[in-house]
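K.L.:
Give me a 3D structure for the following:
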Amino acid sequence: MANYFEWNDSYSVGVKAFDEDHKIIMHLLNELLKGHDSKADMQAQGEILIELIKYTRYHFRHEEELMIQSEYPDYPAHREHHDLLFDKVLKFTNDYLNRAMDFMAITTFLMEWWLGHIQEEDKQYKGWFNGRGIH
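P.N.:
Prediction:
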């Protein structure tokens, strides 16, 4: 079964470690969509969502640690954005697992959120990190 999302250079944020994290999250999103297509049960879907939550938390902390170390000037705003997004992911996942939200609603949210976050928020730090030799 083909992936819904394929990594391409337009998703790169210019920091290899973060690009690798983003690829893993994209893989988890693809697995979630494939599981739905193959009629995986709610428990299997829930396990993928939980893995997505765990990895997203790890990734956000990874970014934030480097922002603190490099004294990234927009760190407070980026951290706040992470916190808001993470709270939404938790709420939407909980709603989905409690059958208060349908699959398409949560996957649409996750895809728009994740791709939007990479394209709009994360690309803003590329110049800062690259200017400090972090690629």
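K.L.:
With adjacent residues omitted, what lies nearest to Leu32?
P.N.:
Nearest in space to Leu32, with sequence neighbours left out and distances taken as CB to CB, 6 or more residues apart in numbering, is Ile48 at 4.8 Å. Just so you know, the C-beta spots here come from the backbone N, C-alpha and C atoms, and that holds for glycine as well.
K.L.:
how about the helices in this protein?
P.N.:
Assignment of helices within the chain using DSSP state H yields the ranges 16-37, 42-69, 75-97, 103-116, 126-131.
K.L.:
Give me the pLDDT for the residue nearest to Leu32.
P.N.:
What the model reports as pLDDT for Ile48 is 90.
K.L.:
Look up how far Lys126 lies from it.
P.N.:
Remark: distance between Ile48 and Lys126 (CB to CB, to the nearest Å) = 29 Å.
K.L.:
Comparing these two, which residue is more hemmed in?
P.N.:
Ile48 (19 against 16; other CB atoms under 10 Å).
K.L.:
surely Glu121 meets His78?
P.N.:
Yes: with contact defined as CB atoms under 8 Å, Glu121 reaches His78; the gap is 6.6 Å.
K.L.:
which residues do the two both contact?
P.N.:
Residues touching both Glu121 and His78 (CB atoms under 8 Å, 6 or more residues apart in numbering): none.
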